[in-house]
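# just to be clear, the model below is a prediction. Sequence and coordinates:
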Amino acid sequence: MSEFGDGSLSVKRSSSPKRKRGSRAGERERVPWWPPRLDQQRRLADRWPIYALALATLVLSLPLFEPYSWWPFGFVAFAPWILAVCNARRTLHVHLASLLLGVLFFLVHLRWLFIVTPEGYVALSIHLGTYFVLASWLIRHLYRRRRVPAVIAFPVLWTAVEWVRSHGPLGFPWFLLGHSQIHAVTMIQIADLAGVYGLTFVLAVVNGCLVDLAVVWTRQPRTTPTSLPIPAWRGIGLAIVLIAATVVYGRYRLATEELVDGPTIAVVQGDFLLEASLNANDVPDDVKVRRYMRMVDEALRDQPDMVVLPETPWTTCLNEQGRSHRAVYEQDHEEFRKRVDGTDTYLVVGAMGKEPQPPGSYPAVHNYNSAYVYIPRVAEPERYDKIHLVFFGEYVPFRYNKALFWLYRWLNDSDFNPWGRGGREYSLTPGAGYTVFTMKPRGDARQYRFGITICYEDVIPYRFRRFVGGDDGRKRVDFMLNISNDGWFGHGAQQPQHLVNCAFRAVENRVPVARSVNTGVSGFIRPDGTWHDVLSDSLKHPRAGGMGVRQTVLRIDPRVTFYSLHGDVFAAICGLVSALGLLDAAARRVLGPRRPKTSDRGR
């Protein structure tokens, strides 16, 4: 045997007629079993099977997420595409098919964004689709150059890709493979160790194992034995062990939870669709005020410990400095103040915050997206300012960069930006810290701590956990609130998908969550990720829409999780390994020897 630079093995036949020791006349020389040599594989020589396999993955991905979440598809959906990545001859078509798959994947699943901004919908889908190309390049390199089985290469790289695309200004931790298991309650419990990325890794191992088996079963020459090689059994064993360990751990965590009763919370949901336009024909604010106040009064009749309203149920500003701008803001403040002063009920509502700056400053006023906590018999509400602002939705980049301020003006005023048309500067200022509030319900000797995420913040795992995990190894909060306004996206898949994201935050940090969301889905999430008392006509697959009030006693989980304290350590390790693979691939392309042309292009 001799090994060539491209990683393949070739049998060097001797010119001597002598037989090898221990061999019989006419016996074929044995060839290595795993991974199968490239010349042993029944490889995809034509371009069309590559696109067909990518299309199969797209079709299998359709029921992965809400409103379906058919969890078995998570174990197989990506296998056809990875088979094409690993086994096709034509590298160019592999990467082109991966790009098309990635763009179509997000165009299909992200279709609810089209209602808000068609241009942004297409641009974001193209941006996110490029991650499929990055994954295909690295998987193909490890599999074909370094002979790493797909059962190892795919889960490590795909977990890293999901982790990377979840960070930064364009971070979008939506449609992660692990999200498909939301109704497999036992499976999702490992999120308190490795986050949703840990569940993605388990599913990707099964997908990679199927790819390796498909390659072995179609290997050449056809005269080799039909039994599986030992390394193939190792891949099957790895998949079985990981699934078994996930199930056993999930059952253990569910069986050992010791929940205690917490405060009684009521959440209020309106149903007012919004339009991203300066001239939007929205429901007038006075109509919204009357309907929300009527629902607040309905909730107060049951004397809950807290009533929670959505993010910006109508346009108002509630901090002391901001209220001085308009008399109607002061009137809104007094309406909330009146309702809590006569009771022992706390009230949480989302509104704007305005802080004027010294003369000559730019901007003249800092605007915030804030959550206000009205406390009985306390004059001014406490406030949390949203930290993680949505790119273009809540701020335009380069506003404070003098050299690139011209680019800020162009991005803000362009026709593709529906919020800045006419020169309106709508960019908000991010908050400075992760505020923790306290409440002491009547008749309860215990004081409870809670945090509030506003809108998209409950989708970002590393933001949410900062409210929970303390530097002293203890929990900073007993429960979390999420207030949001999802009326921008019509009545579609966005609202239940947002609920799924928030459910994973509950499992990762073992905290109950109360959600109040305009257009839904409002309700409550247990620390095990299951939801209850949601304002929807379907419990298993909640839907958007509807108005009303839901109330429950929160169940507090005192357990501190590894994820709350240490975050995405597992995903970061996968990212580090993938970065080493990226460096290896780049070095091989730059420094590696030129290979002679062969008829097997893209090997």
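Structure received.

# how many neighbouring residues does residue 360 have?
Residues within reach of residue 360, counting by other C-beta atoms under 10 Å, total 6. The C-beta positions use only the backbone N, C-alpha and C, and glycine is treated the same way.

# host element of it?
When secondary structure is defined by DSSP states H and E, residue 360 falls outside every helix and strand.

# pLDDT score assigned to it?
With respect to pLDDT, residue 360 has a value of 90.

# then the one 5 residues further on?
Residue 365 is assigned a pLDDT of 93 by the prediction.

# ok, now which ones touch it?
For residue 365, the contacting residues are 354, 355, 356, 357, taking C-beta atoms under 8 Å, 6 or more residues apart in numbering as the criterion.

# so how far is residue 483 from it?
Taking C-beta to C-beta, to the nearest Å as the measure, residue 365 and residue 483 are separated by 23 Å.

# so where's this structure uncertain?
Within the chain, the segments meeting pLDDT under 70 span 1-45, 219-230, 276-281, 592-603.

# would you map out the domains in it?
Described in terms of automatic domain parsing, the domain architecture of the chain consists of the residue ranges 42-255+568-591, 260-388+433-558, 390-427.

# chain center to the second one: distance?
Chain-centre distance of domain 260-388+433-558: 21 Å, with C-alpha atoms, centre = their mean, to the nearest Å.

# try the shortest one
The chain centre lies 26 Å from the centre of domain 390-427; the measure is C-alpha atoms, centre = their mean.

# one step back: any chance of CSV for the contacts of residue 365, columns neighbour count, secondary structure and distance to residue 412?
Conversion of these to CSV gives the following (neighbours: other C-beta atoms under 10 Å; DSSP: H, G, I helix; E, B strand; the rest coil; distance: C-beta to C-beta, whole Å):
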residue, neighbour count, secondary structure, distance to residue 412
354, 19, strand, 19
355, 13, strand, 21
356, 14, strand, 21
357, 11, coil, 19
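
# can I get those in TSV with distance to residue 154?
Formatted as TSV, those follow (distance: C-beta to C-beta, whole Å):
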residue	distance to residue 154
354	50
355	49
356	54
357	51
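
# between those, which is closest to residue 518?
Comparing the contacts of residue 365 against residue 518 with C-beta to C-beta places residue 354 closest, at 21.6 Å.

# please name the bridge partners of that closest one.
Per DSSP bridges, the residues bridged to residue 354 are residue 367.

# surely it is in contact with residue 319?
Yes. Applying C-beta atoms under 8 Å, one finds residue 354 in contact with residue 319, separated by 6.7 Å.

# contact partners of the helix or strand in which residue 514 is found?
Counting by DSSP H and E, the element that carries residue 514 is strand 513-518. For strand 513-518, the surrounding residues in contact (C-beta under 8 Å, 6+ apart) are 265, 267-272, 308-311, 313, 348, 458, 479-487, 495, 498-499, 502-503, 505-506, 521-525, 554.

# just stretch 419-433 next, same as before
In this structure, residues lying in contact with stretch 419-433 by C-beta under 8 Å, 6+ apart are 276-278, 363, 366-370, 384-389, 392-396, 399, 411-415.

# now the end-to-end length of it.
Its first and final residues considered, stretch 419-433 spans 27 Å by C-alpha to C-alpha, to the nearest Å.
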